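> Predicted coordinates and the sequence they were generated for:
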Number of protein chains: 2
Amino acid sequence: MTVIALPGEIEVVNLGLPLFADAIGDQGRPVVHVDWRPPADGDLTVVAALSRLYGKRAAAIDEANAEVARRLDQGIPVLVGIGAAGVALPGVGERTIVHCGPRINWDRVCDPLRRSVRAAVMAEGWADSPDGADALLTAGEVELEPANLHQAVVPMASAIGPSMPVFVVDNPQGGTCAYSAINQGPGEVPWFGRETPAAVERLVFLREVAGPLLAECLAGTGPIDIFGLASQGLQMGDDLHMRTQATTNLFVRAILPQLLGLDSPRRAELGTFLAGNHLFFLNLAMAAAKSLTLWAEQVEGSSLVTTMSRNGTDYGIRLSGSDEWFITASPPVGNAMYYSGFGPDQAAPDIGDSAVLELIGLGGSAAAASPAVAAFVGGTMADAIATTEEVDRIAVARSTRLKLPTLDYRGTPMGIDVRKVVELGITPKVNTGILHATDGTGQVGAGVAEAPIECFREALLALDRRLA
Amino acid sequence: MTVIALPGEIEVVNLGLPLFADAIGDQGRPVVHVDWRPPADGDLTVVAALSRLYGKRAAAIDEANAEVARRLDQGIPVLVGIGAAGVALPGVGERTIVHCGPRINWDRVCDPLRRSVRAAVMAEGWADSPDGADALLTAGEVELEPANLHQAVVPMASAIGPSMPVFVVDNPQGGTCAYSAINQGPGEVPWFGRETPAAVERLVFLREVAGPLLAECLAGTGPIDIFGLASQGLQMGDDLHMRTQATTNLFVRAILPQLLGLDSPRRAELGTFLAGNHLFFLNLAMAAAKSLTLWAEQVEGSSLVTTMSRNGTDYGIRLSGSDEWFITASPPVGNAMYYSGFGPDQAAPDIGDSAVLELIGLGGSAAAASPAVAAFVGGTMADAIATTEEVDRIAVARSTRLKLPTLDYRGTPMGIDVRKVVELGITPKVNTGILHATDGTGQVGAGVAEAPIECFREALLALDRRLA
């Protein structure tokens, strides 16, 4: 008969599900828990693709990724002026509305973006009522084009016609140029999914007053280094996505001599608009980010994401070196805080091109920079730091200019690797606003959206095929 | 014979000097070190006074202190306009220059303040050269008055004549009103101890352009809540003493519609001045702080400090409920960083009224708010947090509106108790600039100054006598 001697003490290492570790911990015994999950949720097709992309192809991919990351980090985007969308944006036709997110037919457009597009049509003078605008769109007499396919990005449910002013942002290092609309500000505005007379009037104000006067200021200042301001803003509590207050103020101060030098009798209206628009800098940061991704996406054979964009119906991403979109349904914004009287039932799905910020080290990637955003979405600084740390796990680099004071001036994570996303099941976290889904109320909340994993899996499998 | 059995393990608690604890720690044994020092460095006269002030008189003192702290915390100072110093400041004569720090005779005034006073005399048109101004001052034909005795505070080596514009800050809760000069900005300026033609010209610009135009803006905005802006600025990396960049920008944005509404052809000059002056808000924060201390100091029988002020020769403090000054030599700024080519040998002693900020929860008290200031003075965020924690040990309260994001939104310490200062030997830490001691170069560095303990001891002994 064999006697098995039980040891006096047991030390436990637990892998995977935490239940067993918890049970041992509850009995007061020491236990080390390793948060291990099977890669790609154990999907064998995906695991096989991952093996190849992390295997013999890894060296070439890593080299391409390093070049993509270098471009995202080293381009120095400068605001050089303001143009009209129909003239500045390459390939935009005369009767075209440029919108957020992937390409979409009018019949599939979500409610807030429908309203915004109709407001844009009215601001162009093509219709004088939402119904009139809708009839033109239904009849196909107005073309819809994704901003992303014309070197532009627009936030939330933004839609702009050819007469609307756009910021022109050059990236001289990369020879690329990107565009964004002027941020429409708070309240009754189309980018929040409104089409009221006041909302249309805001677009007219941007075209008639803000655009020309800001253009005059920029002619006086010369090119403005956007990331020079953004990196200061990160030190002042902005994440540069949900909060751009400090950076907007820095921008206003940068052009203050020119603002006060304006002769136009309408300059005070511009002052009131700028003073009341905390998110004015958002669109500048986005255009700067787009000028970098336009340079980065020219690199072949990389596994890094260079487009991430939503139209409120579809969520689409693209990888560097390919025009192919990978599209899935736009999800609700998960970790959200709602204005009083609103909740998830009224919330439209995730929308806007602003997720381009999360690809280059701003927004969710820079969550640890912003105690105010952390508090606004109902969390603590520890939560915000955890968000940044999680993005770090799926990124290949850290910014050399966008720094986090709370993390000893570590750079924000940037360069999202589709391999890491799929392997770990961690998608980018996007700080974003939430719009009403159906009734044109406008913004009803804000939160941290998780990008849907499906399009990343499809992108990974396509990359595997492309590199075969 | 008695046998003493040595224990198998020794556990050590060490009090006072750390040498013994270090020696045990070096041998790998556990040791608890208690950082205990004899109170008041063991001075028996002071210890006896402390015993009385912490003993049977403690209840009355604590009650008075609570009221002083309530006033420092609950007044809501608002900027209501701009006046001329000679008209607005009570009791200032026609041929008077108002200066920083305690009262001082011209022959004892330090070099940077001498230059600043002479520049102020020239700006008034009383002399057309530094020598001419000096002759007037030496002959006693121009009076010197401490700003602090006329409800005003001025930073660094500031000195202002009767024609100069001053901010008017009301504290309606307390029925007090305080004043400060308009900040002179960077470069060749009198408040940094310069008296060049450009420095005098800056004073003329403030009187002829900035003052009148800002007054016009304030007539349009109505009263501006200074701590409403300051509390936001703390969330944006300002300590509101050495760094006021974020808060200055918030102020500019608050008056932007009025700035852009100005008709004056000189408005662009004001734009250039504001855009280039990161410390513009400093003087507003100081005037707001003074409006609170003017209310607080009316409370009798408190041990809290309500004046702390330096003229570069003398360092003076006052306690609530008494007009008596306690004065000692102004010390060098200890923990300092110097501009290239300068060092302690060229540094003037600590100077300016701005230390009023440290009495109400800003500046050194709010060090933990500002990673940028921490880095500028050569430290880390941990050092900045330690500075705030140390002020916490000598303060009786924490602000309910000035919050520190890095310390889980804890309020900044405020209400400096002379008993705690003397007992612990910890004086307030003051974030401040450093001026050249002799040659009129201007600012040569910045650092964290420690208030000298001597005047606090004198104040404690006087309080003990006064309450006897």
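Everything's here; your move.
> State the mean pLDDT of the helix or strand that contains residue A:50.
Assigned by DSSP states H and E, residue A:50 belongs to helix A:44-54. The predicted model assigns helix A:44-54 a mean pLDDT of 96.
> which of the residues in it are buried?
Applying a neighbour-count criterion of 16 or more other CB atoms under 10 Å in any protein chain shown, one finds A:46, A:49-50, A:53-54 buried in helix A:44-54. Quick note: C-beta positions are derived from backbone N, CA and C, even for glycine.
> Let me know the closest of those to chain B.
Closest approach between these and chain B, by CB to the nearest CB: residue A:54, at 37.2 Å.
> what's near enough to touch that closest one?
Each residue near residue A:54 by CB atoms under 8 Å, 6 or more residues apart in numbering or on different chains is listed here: A:419, A:423.
> Then the one 10 residues further on?
If you count contacts by CB under 8 Å, 6+ apart, residue A:64 has them with A:299-303, A:320-321.
> State the three-state secondary structure for it.
Recorded secondary structure, residue A:64: helix (DSSP: H, G, I helix; E, B strand; the rest coil).
> wait, what's in contact with the residue nearest to it when sequence neighbours are not counted?
Nearest residue to residue A:64, sequence neighbours excluded (CB to CB, 6 or more residues apart in numbering or on different chains): residue A:302, at 3.8 Å. The contact partners of residue A:302, taken as CB under 8 Å, 6+ apart, are A:61, A:64-65, A:67-68, A:319-321.
> can you list the residues of the stretch 151-300 of chain A near chain B?
A:235-237, A:245-246, A:249-250, A:252-254, A:256-262, A:267-268, A:270-272, A:274-275 (CB under 8 Å from any CB of the partner chain).
> now the helices for the stretch 101-250 of chain A?
A:111-123, A:130-138, A:197-205, A:211-221, A:226-234, A:245-254 (DSSP state H, counting those that start in this stretch).
> Mind putting the ones you listed into a markdown table with mean neighbour count?
A markdown table is the format used below for those (neighbours: other CB atoms under 10 Å in any protein chain shown):
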| stretch | mean neighbour count |
| --- | --- |
| helix A:111-123 | 27 |
| helix A:130-138 | 16 |
| helix A:197-205 | 19 |
| helix A:211-221 | 18 |
| helix A:226-234 | 24 |
| helix A:245-254 | 24 |
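> want to try TSV for those, with mean pLDDT as columns?
Below are the helices of the stretch 101-250 of chain A laid out as TSV (pLDDT from 0 to 100):
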stretch	mean pLDDT
helix A:111-123	98
helix A:130-138	98
helix A:197-205	98
helix A:211-221	98
helix A:226-234	97
helix A:245-254	98
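> Where does the stretch 101-250 of chain A get nearest to chain B, which residue?
residue A:249 (3.5 Å).
> Could you find which two of the contacts of residue A:302 are furthest from each other?
The most widely separated members of those, counting by CB to CB, are A:67 and A:319 (13.8 Å).
> Settle it for me: which of those two has more neighbours?
residue A:319 (26 against 17; other CB atoms under 10 Å in any protein chain shown).
> Grab the nearest non-local neighbour of that one.
Setting aside the residues directly before and after it, residue A:319 is nearest to residue A:459 in space (CB to CB, 6+ apart), at 5.4 Å.
> ok, the one you found to chain B distance?
Distance of residue A:459 to chain B, given as CB to the nearest CB, to the nearest Å: 37 Å.
> wait, that residue sits on residue A:326?
Yes - the pair residue A:459 / residue A:326 is scored as a contact, 4.3 Å apart, by CB atoms under 8 Å.
> Can you check which residues contact both of these two?
Residues touching both residue A:459 and residue A:326 (CB under 8 Å, 6+ apart) are A:317-318.
> number of nearby residues for the closest residue to residue A:214 other than its chain neighbours?
Among residues not flanking residue A:214 along the chain, residue A:82 sits closest, at 5.8 Å (CB to CB, 6+ apart). By other CB under 10 Å, 22 other residues sit near residue A:82.
> Spatially central, which residue of chain A would that be?
Centroid-nearest residue in chain A: residue A:355, 1.2 Å away (criterion: CA atoms, centre = their mean).
> For that residue, what are phi and psi?
Note on residue A:355: its backbone torsions stand at phi -60, psi -10 [degrees, to the nearest 10].
> Spatially nearest residue to residue A:284 (excluding sequence neighbours)?
Distances taken as CB to CB, 6+ apart place residue A:226 nearest to residue A:284, at 5.5 Å, with adjacent residues excluded.
> Is the residue of the stretch 1-150 of chain A found nearest chain B in a helix, a strand, or coil?
Closest to chain B within the stretch 1-150 of chain A is residue A:79: 16.5 Å, counting by CB to the nearest CB. Under the three-state scheme (three-state DSSP), residue A:79 adopts strand.
> Give the full set of residues in contact with it.
Residue A:79 neighbours (CB under 8 Å, 6+ apart): A:167-169, A:218, A:223-224, A:226, A:284, A:287-288.
> Any of those buried? List them.
A:167-169, A:218, A:224, A:226, A:284, A:287-288.
> returning to that earlier point: scan the contacts of residue A:64 and report the most crowded one.
residue A:303 (30 neighbours).
> Show residues contacting the top strand by length along chain A.
As assigned by DSSP state E, the longest strand anywhere in chain A is strand A:395-404. The contact list for strand A:395-404 (CB under 8 Å, 6+ apart) reads A:62, A:65-66, A:69, A:72-73, A:227, A:230-231, A:234-235, A:304, A:360-362, A:365-366, A:368-369, A:388, A:392, A:409-417, A:420.
> How about stretch A:123-140?
The contact list for stretch A:123-140 (CB under 8 Å, 6+ apart) reads A:95, A:106-107, A:114-115, A:117-119, A:121-122, A:142, A:144, A:161-164, A:195, A:200, A:203-204, A:207.
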